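> Predicted model and sequence follow; I will ask about them next.
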Amino acid sequence: MPETAATPRSNPYAAVLRTPGALKFSAAGALARLPMSMIGIGAVLMVQGLYDSYAMAGRVAAVLGLAQAFLAPQIARWVDRRGQRSVLLPALAVSAVGLGGLITAAMLGAPEWVLWPFAALAGASQGSYGSMVRARWNHALDDPRRLHTAYSLESSIDELVYIVGPVLATTLATAVAAPSALVVAGIATVVGGLLFLMQRATQPPVVVPDAEARHRAVVLTPGMPVLVLVFVAMGMIFGSTEVSTVAFAEELGSKGLSGVVLAVFALGSLLAGLLYGARHFTSPASHRFVIGMATLGAGVSLFLLANSLWMLAVVMFVAGLAIAPTIITGNGLVQEMVSRHQLTEALTWVGTSIGIGTSLGASVAGARVDAAGADAGFLVAVGAGWFAALLTLAASRTLLRKPAAR
């Protein structure tokens, strides 16, 4: 696909968005990704509001989240082998049935066991549109510098989604009706997904792998196990930070401000991602990845110094500056490690690993908070941050490898 040339003084983001079809598939992908930050919290708010049980709400949300975590890579593998449209259209139908059934069953007051299969359907059919969009960018752009900018744009959109989505879901569920957050998330899923799949000209072609590659697990590609573990640890930072921030705010009598503080965390990441993507680097991505993880580990360590919500917001903003650049670089490493016919599945493993880590971090931090307070929960984030940094440093030679054959 032809690329649009950029002048030295042009805005790099405007330049990549002038690539034929890019603005349409990126915008549609952004809408299709909005539910990823709304469905989990929307399910919790709906079930708690209708059944008055946080425990039940947590179980239903866990079923939804685990189904998505385990099935998303499989959906991505089918996409790589059959094409985005062929796989995601049926997945959209299943997702609509799952979300619609979950909402209906909850509104009718059905027993908890009835909600579980609908939650599993809704989660299992949620394709990773972030990886689908990045795969389209990889097909559309040949220049690594422009691809770096495009990946940075998408990571910034991810952060924006995580700023807007939870606030929108909470507002809808509390001010309109308990199920309304899931209703809006379902509409965004279907509308965004259909708009994305309508862009057929930019869909990456199916590349038929050889017999050996067909039977080789993407996650076992040299370097991928390290990235998976690192991103699980990064997810643990996110999950433990969310729980610990709410507990810290509650200890100070300002629980309602916890969402604002977490939004500042994401805001720092968004701004850093935009600035990072506007620059081009000559240093190896593996070196930048090590630096990014070390910076994030140091940043989350500052959480323990906060003695007020305002101080916590400041250190969260500083720590957040390392998030998007590190994820952008990690996605770039994935793109270098795997062949084109495995790219969507490999990129999906990044999001899946972060999602698994987020659930694990929230669970571990919750137990520590109950036992010893918010500071104990923040220690989980600190431990995860330094584990990721040291693992990345130890495996830096593995990450520094020649790009895979395309």
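Done, it's in.
> Now whichever strand or helix holds residue 167: buried residues?
Residue 167 belongs to helix 144-175 when assigned by DSSP states H and E. Neighbour-count burial for helix 144-175, with 16 or more other CB atoms under 10 Å as criterion, is recorded at 146-163, 165-170, 172-173. Any C-beta I mention is one placed from the backbone N, CA and C, and that applies to glycine too.
> Likewise for stretch 191-205?
Buried-residue list, stretch 191-205, by 16+ other CB under 10 Å: 192, 193, 195, 196, 197, 199, 202, 203, 204.
> wouldn't the third one be in contact with residue 26 here?
This means residue 195. No - taking contacts as CB atoms under 8 Å, residue 195 lies outside contact range of residue 26: 11.2 Å.
> Reduced to three states, what does residue 109 come out as?
With DSSP: H, G, I helix; E, B strand; the rest coil as the basis, residue 109 sits in coil.
> distance of residue 287 from residue 329?
Remark: distance between residue 287 and residue 329 (CB to CB, to the nearest Å) = 9 Å.
> how distant is stretch 363-370 from the center of its chain?
On the basis of CA atoms, centre = their mean, to the nearest Å, stretch 363-370 sits 22 Å off its chain's mean C-alpha point.
> Which parts of that stretch count as buried, going by neighbours?
Residues 363, 364, 365, 366, 368, 369 are the ones in stretch 363-370 that count as buried (16+ other CB under 10 Å).
> Same question for stretch 72-81.
72, 73, 75, 76, 77, 78, 79, 80, 81.
> so what does whichever strand or helix holds the fifth one touch, helix or strand wise?
Remark: residue 77 resides in helix 54-82, with elements defined by DSSP H and E. In this structure, helix 54-82 makes packing contacts with helix 39-51, helix 84-107, helix 112-124, helix 129-140, helix 343-372, judged by 3 or more CB pairs under 8 Å, 6 or more residues apart in numbering; DSSP states H and E.
> between the longest one and helix 39-51, how big is the angle?
Angle of helix 343-372 versus helix 39-51, following axes from the mean of the first three to the mean of the last three CA atoms, to 10 degrees, is 50 degrees.
> what about helix 343-372, average pLDDT?
Taken as a whole, helix 343-372 has a mean pLDDT of 82.
> how far is it from where the chain is centred?
Taking the mean of its C-alpha atoms, helix 343-372 sits 11 Å from the chain's own mean (CA atoms, centre = their mean).
> Name the residues of that helix that are buried.
Those would be 343-366, 368-369, for helix 343-372 by 16+ other CB under 10 Å.
> do the same with the second one
For helix 84-107, a neighbour-count test (16+ other CB under 10 Å) marks 84, 87-88, 91-92, 95-96, 98-103, 105-106 as buried.
> and which of those residues is nearest to residue 134?
residue 84 (11.9 Å; CB to CB).
> For the closest one, list the residues it contacts.
The contact partners of residue 84, by CB atoms under 8 Å, 6 or more residues apart in numbering, come to 132, 135, 197, 203, 204, 344.
> now with 7 Å?
132, 197, 203 (CB atoms under 7 Å, 6 or more residues apart in numbering).
> Distance of the spatially most central residue of the chain relative to residue 107?
In the chain, the C-alpha nearest the mean C-alpha coordinate belongs to residue 351, at 4.7 Å (CA atoms, centre = their mean). Counting by CB to CB, the gap from residue 351 to residue 107 is 30 Å.
> Which residue comes closest to residue 357 once chain neighbours are left out?
Distances taken as CB to CB, 6 or more residues apart in numbering put residue 235 closest to residue 357, at 2.3 Å, once the chain neighbours are dropped.
> before we move on, what about residue 157?
That would be residue 30: by CB to CB, 6+ apart, it lies 5.0 Å from residue 157.
> cool, residue 102 as well?
Residue 102 sits nearest to residue 118 (CB to CB, 6+ apart), 3.9 Å away.
> mind listing what residue 398 touches?
By CB under 7 Å, 6+ apart, the contact set of residue 398 is 222, 223, 226.
> Sitting in helices, which of those do you find?
residue 226 (DSSP state H).
> what's the farthest-apart pair in the buried residues of stretch 191-205?
Pairwise distances across the buried residues of stretch 191-205 peak at 18.6 Å for 192 and 204 (criterion: CB to CB).
> Who are the packing partners of the host helix or strand of residue 313?
Here residue 313 is covered by helix 309-320, with elements defined by DSSP H and E. With contacts defined as 3 or more CB pairs under 7 Å, 6 or more residues apart in numbering; DSSP states H and E, helix 309-320 has these neighbours: helix 224-251, helix 258-277, helix 285-301.
> element containing the nearest residue to residue 169 once chain neighbours are set aside?
Once flanking residues are discounted, residue 169 sits nearest to residue 181: 3.9 Å by CB to CB, 6+ apart. Following DSSP H and E, one finds residue 181 within helix 180-197.
> tell me the mean pLDDT for that helix?
Per-residue scores along helix 180-197 average to 93.
> Could you list every helix and strand in contact with it?
Secondary-structure packing of helix 180-197 (3+ CB pairs under 7 Å, 6+ apart): helix 22-33, helix 39-51, helix 84-107, helix 144-175.
> now the angle from the third one to helix 22-33?
It refers to helix 84-107. Interaxial angle, helix 84-107 versus helix 22-33 (the same axes, to 10 degrees): 30 degrees.
> what mean pLDDT does helix 84-107 have?
Here the average pLDDT along helix 84-107 is 93.
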